Structures are given as structure tokens and as C-alpha cells.
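Undergrad: turn this into a structure:
(one chain, ligands or ions: 1)
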Amino acid sequence: MKRIKLPAHIAIIMDGNGRWAKRRFRPRAYGHRMGVQNMFKICGHAFNLGVRIVTVFALSAENLSRPKEEVDELFELFRSYFSKKKERMYELNVKICVLGDISVLPADIQESIGEIERATAHLTSGLLNICVNYGARQEVVRAVNKAVALGRFVDENSLESLFYTGGLPDPDLIIRTGGEIRLSNFLLYQAAYSELYFSGKMWPEFSKRDLEKAIENYSARDRRYGNVREE
Ligand code: FPP
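TA: Predicted structure coming up:
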């Protein structure tokens, strides 16, 4: 990869698993299974390149309204990778955090998530945030309610500290695969100055080289944060 300005924090909307599978005459669940494998490949590559934080959208709050069969299949994938195949998580050698309201998950999956978070809490070379039953609007409402319960007015800093992402830098780059050009209730507040990159590739086929292209594209952008550029 060329000499580039690396984003410290990349967030990814891993869209297109279902369509990718359908095009291959396979069930949607197969697309999700291949999607998880690609998540490990792409996140691993991002960390190898020197990205410090990767935040992936694994299940939106709205995804829970999908047919029960598909939700159950996604829960089964979580069960698998947070429990039986958790070595795959540990291989990334980064701290892992699950962001979102996980109280809707079966108790055994919640326990496995806690175990993985505790086991990786000391790792400092990188951070992988996995958003599960996450919605940005829900995150803002939750934070405001926390502030109300504490009897506090908020400013930007104190509000942000009450988010699931509290204390983390905002994503520099948000990548969405699958061809749709929208954020779908993902990190809306944190995305205020994120650079957005949309790929037509379906998530299971998004390659390491595609990630590098997204980073190269980001690197060439002029981030002004509403200011003017100094010549
Ligand atoms: C969007 O594709 C993807 C999802 C709703 C789920 C993504 C989840 C994973 C990759 C699994 C994560 C698992 C672990 C263990 C962290 P879609 O189904 O909306 O695709 P479509 O738009 O083609 O229908």
C-alpha cells in the first residue's frame, strides 16, 4: 500500500450477506456465516496495517424484527463465535467489547460475551467493538436518561461519555458495503465528521485490497471539520 494517512478508528457496516448468498442460490444464513469469516479477515488486516480501533455493526436493533428464523440463526452465530469458537476472537489479539443492549440475547451468550471481554480487557494493541442490538438513536436516548437519573445537564463531552463508545475517539472512516448509501442508525452522533466510504461489494466478498482502497481514498481526503485549510 502507498504511503498513507491511516485512520485510527474505522467503523464498518457489513451489509450484503443475504444478497451475496441469494446470488449463489444459498440460504441467507450461509451469507452470514461467510460474513463472520470475512469480519475476522478484514479486522485482522486493519489491525495489521496499524488501525487501532475497528467497530463493526453485527446486529442492529432493527434487525431483531427480521423473521425469527433469521434472528435465531444470527444468535447461533454469536453463540458459536463468542463461545465454542472463541479462540478465533482471541487470535485477533486485541481487546474486544460488545456495544449495545445485549439483555435481549440468550443468557448463555451474554455470559460468553462477558468472558471474552474480561479475557481480552488487558490487551492494548487494538480494540474491536462489536455492535449487537445497537441503534444510534437508542444510544442517545439511553445516555440522556442516564444523565437525567444523575440529575445532570449535559454538554458534548459528558453526553459522549455516557454513550456505549464513551471515551473513544470518533470513527475517522465509516465503510459500508452492499451498495446502499446510508448510515442506518449506526453511530449517528459519532459520525459528525467521519469520512464515509461506500462499496458496491457485498460484505462476504469485500477483500483486504478493498479495505486498502478505502483507506487510500480516506487518506486523500481533506478533513477540515468546518474550518478552512491552511495553505
Ligand atoms: C447485513 O447483511 C448483515 C447483518 C444483518 C449481520 C452481520 C453479521 C455478521 C457478519 C455476523 C457477526 C457475527 C459475530 C459473531 C460477531 P444483510 O443480511 O442485511 O444483507 P442483505 O442486505 O443482502 O439482505
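Undergrad: C-alpha only now, for contacts and for neighbours.
TA: Fine.
Undergrad: what residue is smack in the middle of the chain?
TA: Val56 (1.5 Å; Cα atoms, centre = their mean).
Undergrad: ok so that one is a helix residue?
TA: No. Val56 is assigned strand when assessed by DSSP: H, G, I helix; E, B strand; the rest coil, not a helix.
Undergrad: bridge partners for it, pull those for me.
TA: Using DSSP bridges, the bridge partners assigned to Val56 are Ile12, Ile130.
Undergrad: pull the contacting residues for it.
TA: Shown in contact with Val56 (Cα atoms under 8 Å, 6 or more residues apart in numbering): Ala11, Ile12, Ile13, Met14, Leu128, Asn129, Ile130, Cys131.
Undergrad: isn't the second one up against Phe57?
TA: The one in question is Ile12. Yes. Using Cα atoms under 8 Å, Ile12 is in contact with Phe57, at 6.3 Å.
Undergrad: TSV for the contacts of Val56, including pLDDT, distance to the ligand and neighbour count?
TA: Putting these into TSV (pLDDT from 0 to 100; distance: Cα to the nearest ligand atom, whole Å; neighbours: other Cα atoms under 10 Å) gives the following:
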residue	pLDDT	distance to the ligand	neighbour count
Ala11	98	13	25
Ile12	98	10	23
Ile13	98	8	22
Met14	98	5	23
Leu128	98	10	24
Asn129	98	9	20
Ile130	98	6	20
Cys131	98	8	23
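Undergrad: closest to Glu139 out of these?
TA: Closest approach between the contacts of Val56 and Glu139, by Cα to Cα: Cys131, at 11.4 Å.
Undergrad: identify the residues contacting the closest one.
TA: Thr55, Val56, Phe57, Ala58, Leu59, Ser60, Val98, Leu99, Gly100.
Undergrad: what do you get if the cut-off is 10 Å, keeping everything else the same?
TA: Counting by Cα atoms under 10 Å, 6 or more residues apart in numbering, Cys131 touches 55-61, 97-102, 164, 186-187.
Undergrad: re earlier: which neighbours do Ile12 and Phe57 have in common?
TA: Ile130, Arg176, Phe186.
Undergrad: next, count neighbours for the last one.
TA: Using other Cα atoms under 10 Å, Phe186 has 23 neighbouring residues.
Undergrad: tell me if I'm right that it and Ala11 touch.
TA: Yes. In this structure, Phe186 is within contact of Ala11 by Cα atoms under 10 Å, at 9.2 Å.
Undergrad: mind listing what's buried along stretch 156-164?
TA: Leu159, Glu160, Leu162, Phe163, Tyr164 (16 or more other Cα atoms under 10 Å).
Undergrad: so which of those residues comes closest to the ligand?
TA: Of all the buried residues of stretch 156-164, Tyr164 has the smallest distance to the ligand: 16.7 Å, by Cα to the nearest ligand atom.
Undergrad: give me the nearest residue to that closest one, chain neighbours excluded.
TA: Leu99 (5.8 Å; Cα to Cα, 6 or more residues apart in numbering).
Undergrad: what about the helices in this protein?
TA: 17-23, 28-49, 68-79, 86-91, 107-120, 136-149, 156-161, 208-219 (DSSP state H).
Undergrad: can you list the residues of this structure near the ligand?
TA: 14-19, 32, 35-36, 58-59, 77-78, 81 (Cα under 6 Å from any ligand atom).
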